[in-house]
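> the sequence and its predicted three-dimensional model are supplied below.
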Amino acid sequence: MASYKNASYLIQNNHEAFDQDHAPGAAAPYAGIYRCMGCHREIGIASGHILPPQSHHAHTSAQGSIRWRLIVYADHNPK
Ligand SMILES: [Zn+2]
């Protein structure tokens with residue numbers, strides 16, 4: 001699970017981008033931390049970079065396929 005020390009660096013956000021799963025090998029629509037919804041492994045990635053492929057790590061049949069979901073958005077252009 002992603003963790004942090006100083007809560008003032010994060011803000012809760014209900015944007016729909018946090019509800020969408022992305023296939024392995026797809027381009028990450030936003031920079032940040034993505035979680036595999038099958039096994040809960042997390043990765044950090046830049047916007048537009050390619051999410052790890054299905055061969056990135058092994059799942060049991062119960063975990064299903066790799067599905068990447070944005071869990072923390074990284075703001076590259078703060079106002
Ligand atoms: Zn996984």
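Nice, I can see it.
> which outside residues touch stretch 2-9?
Residues outside stretch 2-9 that contact it (Cβ atoms under 8 Å, 6 or more residues apart in numbering) are 10, 33, 35, 42, 71-72. Just so you know, the C-beta spots here come from the backbone N, C-alpha and C atoms, and that holds for glycine as well.
> ranges for the strands of this structure?
With DSSP state E applied, the chain shows strands at 21-22, 32-36, 42-45, 68-73, listed in chain order.
> highest average neighbour count across the ones you listed?
Of all the strands of the chain, strand 32-36 has the most neighbours on average by mean count of other Cβ atoms under 10 Å, namely a mean of 20.
> can you give me how far it is from the chain middle?
Put simply, strand 32-36 sits 2 Å off its chain's centre (Cα atoms, centre = their mean, to the nearest Å).
> and for stretch 30-42?
The answer for stretch 30-42 is 3 Å, by Cα atoms, centre = their mean.
> so where is the chain shaky, pLDDT-wise?
The chain contains no residues with pLDDT under 70.
> quick one: name the residues of it near the ion.
36, 38-39, 41 (Cβ under 5 Å from the ion).
> could you rerun that using 6 Å?
By the rule Cβ under 6 Å from the ion, the part of the chain lying against the ion is 36, 38-39, 41, 57, 59, 66.
> dump these into a markdown table; add distance to residue 6 as well.
Shown next, in a markdown table, are these (distance: Cβ to Cβ, whole Å):
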| residue | distance to residue 6 |
| --- | --- |
| 36 | 26 |
| 38 | 30 |
| 39 | 28 |
| 41 | 24 |
| 57 | 30 |
| 59 | 34 |
| 66 | 31 |
